[in-house]
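A.B. asks: following is a predicted model, sequence given first.
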Amino acid sequence: MDLFTRARELGIQTEYIDGQGHRHVTGADALQIILDALPVRTPYRFLDQAVVVRSGQPSRTELSPAATLPLRWKIATGDRVIADGETRDRAIAWPDLPVGSYRLHLTDASGFAEQAPLIVAPPRAFAGDFDRCWLLAVQLYGVRSARNWGIGDFTDLEGLIELAASLGADGVGLNPLHALFDDRPGDCSPYSPNSRLFLNPLYVDVEKLPGYQRAFESKGAVAGLRAGTTVNYAGVAELKWRALRFAFDTFKANPKGERKQDFEKFCAERAPLLSRFACFEVLRHKFGKPWWEWPEQWRLPDEAKCASLRQGEDATEIEFVEFVQWAADRQLLACKELAASLGMKVGLYLDVAVGVQCDGFDAWNEQSAISRHLSVGAPPDPLNTAGQNWGLAGFNAAGLELQSFEPYREMLRASMRHAGAIRLDHVLGLKRLYLVPHGFAADNGVYVQMPFEALLAATAQESVRHRCVVIGEDLGTVPEGFREQMAGWGIWSYQVMMFERDDTGSFRGVDHYAANALVTFNTHDLSTYAGWRSFSDLKLKRSIGIDPGESDDARWHALHMLSDMLRHHAIDDHDLYAVAGFLARTKSRLLAISLEDLLGVVEQPNIPGTVNEHPNWRQRLPLTIDALAAAIDVAALKRATAERSRAAG
């Protein structure tokens, strides 16, 4: 069997048409690496894919001609069989089953047997218990305050929640809060995490931890960190980790009953992943190299070995990692509870990265479901003409199916833990992922098909369980029928006004926007409103050698088109509040307005395709949190958002 035939049988699309209409064929050398990187899974003989059943709805699964009838089936959870039967037709009609994840066992008349995941899901994801509302979108790291240590923290988040509530918002939207690498503070992109299962400790307000006072002695050092225009991650990390260490030592020396019980409760809540993560972090520091270069005994996670590690000289270090995660989790929980006490209908809206760094915990912990040899990216398009390689490892279909999609569920559970809504970055990856082998250009990748229906079903399960709305970031080249299938499962769309234009460049009217969608003017990867109107984004990209994908004439045309569209809707102005007023009129149930836009910030948080050319993920807001309300035209904002505001008028 040749390479390309083998690839097709595994759902790998070896050629594609990019966003500019150009045909690409993946080279054989790149394809070989891709095939070698994916786990081996025997194709199903009786089925097309994992079985998905919607609770309370009649459901049948067609069997392939390879099945010799009659065929016996049973559905099991662990060692317990919850249903069984026999079919003499080429279909199985499923009984009504409780929502859950099961293993399906099939045996045909010839004696051939196979297993597959069977997911019983709610009919749809959680729909939200609100009509239309709006959210304040913030890059938490960039928040200034008179008391933080040079980076926004969870106490600042409480202040933002109070500010948002006073403005009439029903929640605060945040950049990903995923755990990064404590010893690589310069790797600060929230979209390139060590783990999506745990939190970034730099967001902990260390001053709320007992014993912090003596943990650092230089008030000048903190004052210097507060004064910078960009986040000094190395400086912040040095002081915060020292303070966290001191707080842990204080806790260990005098573990008061109530706090000790809560710590133990948290460790039990997050078991066994938390213990495994703590062991990984200790081993990572001990060996100082990627996990695939560690001593052989530690290259695969092993519960017994981790348990023995806890009994040795590393026990205290392991507990320290758990303590830090406890501190972060409980401070984020306090933010969630504050939002609820203020009557916010969404509370926290959290972003979920599309992948992880290959040398981080998730990639070590899920080596069959996540391949370290392949990076998620995107083929060339008008905005990124060379294609994109995000340097992130993502899930693969075979590895997820072998584990009944549990790694994906674990990621969702961690993300939804304190959120009223989450956004899945690059949700197209649930249907197909564009994968680039390490060492190859971004345009030499392949599309790999994913078990879309099963992943949507798993998403609906966790969404309903956590009462958490799920928004899919569905920008870019979208396969036919994708949005309809996503909507059928109750996953919301993500509509960015900058992109909602027709072939003539005209902005689409209010009726174009879907009800179950989050609507916003821009994203963190696009220009701010002030930057867009001033052409600053075009000038900056050209100055650093990046093709902005748009001419000045095209931008002037866009500005005229915006004014025309606003006038068509009887909106005479064209400032940020005019745009917010337009978006507020749409039937979309969630509207996000960025704090940078409200403050007139020109620089965008991130420029894709750059590393050091631009201060990505480092820029701080121009004002402290207590000065924000005075800098916003609150009356104009409340007028703009009146029909969806909890504090209208």
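C.D. replies: Yep, it's here.
A.B. asks: ok, and what's touching the helix or strand hosting residue 493?
C.D. replies: Using DSSP states H and E, residue 493 sits within strand 493-496. With contact meaning C-beta atoms under 8 Å, 6 or more residues apart in numbering, strand 493-496 is reached by 423, 427, 471-475, 483, 486-487, 513-514, 516-523, 526, 588. All C-beta atoms are positioned from the backbone trio N, CA, C, and that covers glycine.
A.B. asks: which element follows it toward the C-terminus?
C.D. replies: Sequence-wise, the next helix or strand downstream of strand 493-496 (DSSP H and E) is strand 517-520.
A.B. asks: that following strand - what's its average pLDDT?
C.D. replies: On average, the pLDDT along strand 517-520 is 98.
A.B. asks: try stretch 594-603
C.D. replies: Computed over stretch 594-603, the average pLDDT equals 98.
A.B. asks: on that earlier part again, so what are the sheet partners of the strand holding residue 493 and their directions?
C.D. replies: Paired neighbours of strand 493-496 in the sheet (DSSP bridges): strand 517-520 (parallel).
A.B. asks: how far does the partner strand sit from the chain's center?
C.D. replies: With C-alpha atoms, centre = their mean, to the nearest Å as the basis, strand 517-520 stands 16 Å off its chain's centre.
A.B. asks: how about the helix or strand just after it as CSV, C-alpha atoms only?
C.D. replies: Once the chain leaves strand 517-520, the next helix or strand it forms, by DSSP H and E, is helix 529-533. Taking only C-alpha atoms (Å, rounded to 0.1, in the frame of the first residue of the first chain), the coordinates of helix 529-533 have been written out as CSV:
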residue,chain,number,x,y,z
TYR,A,529,-11.1,49.8,16.9
ALA,A,530,-8.9,52.9,17.4
GLY,A,531,-6.0,51.1,15.6
TRP,A,532,-8.3,50.1,12.8
ARG,A,533,-9.6,53.6,12.2
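A.B. asks: how about the following helix or strand past helix 529-533: buried residues?
C.D. replies: Next helix or strand after helix 529-533 toward the C-terminus (DSSP H and E): helix 536-543. Neighbour counts using 16 or more other C-beta atoms under 10 Å place 536-538, 540-541 of helix 536-543 among the buried residues.
A.B. asks: cool, stretch 271-291 as well?
C.D. replies: In stretch 271-291, the ones that count as buried by 16+ other C-beta under 10 Å are 273-284, 290-291.
A.B. asks: cool, stretch 453-466 as well?
C.D. replies: By neighbour count on 16+ other C-beta under 10 Å, the buried set for stretch 453-466 is 453-464, 466.
A.B. asks: where along the stretch 251-400 of the chain do the strands fall?
C.D. replies: Using DSSP state E, counting those that start in this stretch, the strands of the stretch 251-400 of the chain run over 347-352, 374-378, 388-392.
A.B. asks: as JSON lines, those strands with mean neighbour count, mean pLDDT and distance to residue 335 would be great.
C.D. replies: What follows is the strands of the stretch 251-400 of the chain, written out as JSON lines (neighbours: other C-beta atoms under 10 Å; pLDDT from 0 to 100; distance: least, C-beta to C-beta, whole Å):
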{"stretch": "strand 347-352", "mean neighbour count": "24", "mean pLDDT": "98", "distance to residue 335": "6"}
{"stretch": "strand 374-378", "mean neighbour count": "24", "mean pLDDT": "90", "distance to residue 335": "30"}
{"stretch": "strand 388-392", "mean neighbour count": "21", "mean pLDDT": "89", "distance to residue 335": "27"}
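A.B. asks: next, format the ones you listed as CSV and append distance to residue 245.
C.D. replies: CSV is the format used below for these (distance: least, C-beta to C-beta, whole Å):
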stretch, distance to residue 245
strand 347-352, 27
strand 374-378, 34
strand 388-392, 30
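A.B. asks: residue 111: which of those strands is closest?
C.D. replies: For residue 111, the closest of the strands of the stretch 251-400 of the chain is strand 374-378, at 37.4 Å, according to C-beta to C-beta.
A.B. asks: quick one: low-confidence residue ranges for the stretch 301-450 of the chain.
C.D. replies: Within the stretch 301-450 of the chain, the ranges that satisfy pLDDT under 70 run 383.
A.B. asks: low-confidence ranges in the protein?
C.D. replies: For the chain, applying pLDDT under 70 flags the ranges 1, 213-217, 383, 647-649.
A.B. asks: residue 490 is in contact with residue 125, isn't it?
C.D. replies: Yes. In this structure, residue 490 is within contact of residue 125 by C-beta atoms under 8 Å, at 3.6 Å.
A.B. asks: touching both of those two, which residues are there?
C.D. replies: Joint contacts of residue 490 and residue 125 (C-beta under 8 Å, 6+ apart) are 460, 463, 470.
A.B. asks: dihedrals phi and psi, the second one?
C.D. replies: The phi and psi values for residue 463, taken as degrees, to the nearest 10, are phi -60, psi -50.
A.B. asks: if I look at it, how far off is residue 106?
C.D. replies: As judged by C-beta to C-beta, to the nearest Å, residue 463 and residue 106 stand 29 Å apart.
A.B. asks: swap in residue 471?
C.D. replies: Residue 471 is 36 Å from residue 106, where distance means C-beta to C-beta.
A.B. asks: so what's the gap between stretch 109-129 and the chain middle?
C.D. replies: Averaged over its C-alpha atoms, stretch 109-129 has a centre that lies 24 Å from its chain's centre (C-alpha atoms, centre = their mean).
A.B. asks: show me which residues of it are buried.
C.D. replies: 114, 116-122, 124-126, 128.
A.B. asks: of these, which is the nearest to residue 402?
C.D. replies: Among the buried residues of stretch 109-129, and counting by C-beta to C-beta, the member closest to residue 402 is residue 117, at 8.9 Å.
A.B. asks: name whatever forms a beta bridge with the closest one.
C.D. replies: Where residue 117 sits in a bridge, its partners, by DSSP bridges, are residue 103.
A.B. asks: residue 476: what's it in contact with?
C.D. replies: Counting by C-beta under 8 Å, 6+ apart, residue 476 touches 19, 378, 381, 426, 428.
A.B. asks: state the pair within these that is farthest apart.
C.D. replies: 19 and 426 (14.3 Å).
A.B. asks: the two: which is more packed in?
C.D. replies: Neighbour tally, residue 19 and residue 426, criterion other C-beta atoms under 10 Å: the higher count belongs to residue 426, 24 against 16.
A.B. asks: the more buried one and residue 377 touch, don't they?
C.D. replies: No. At 9.6 Å, residue 426 and residue 377 do not qualify as touching, with contact defined as C-beta under 8 Å.
A.B. asks: any chance you could list what contacts stretch 341-351?
C.D. replies: For stretch 341-351, contacts defined as C-beta under 8 Å, 6+ apart pick out 128-130, 133, 135, 137, 161-162, 164-165, 169-177, 190, 332, 335-336, 339-340, 415, 418-423, 425, 469, 590, 592, 646.
A.B. asks: quick one: buried ones out of the residues you listed?
C.D. replies: By neighbour count, with 16+ other C-beta under 10 Å, those hold 128, 130, 133, 135, 137, 161-162, 164-165, 169-177, 190, 332, 335-336, 339, 415, 418-423, 425, 469, 590, 592, 646 as buried.
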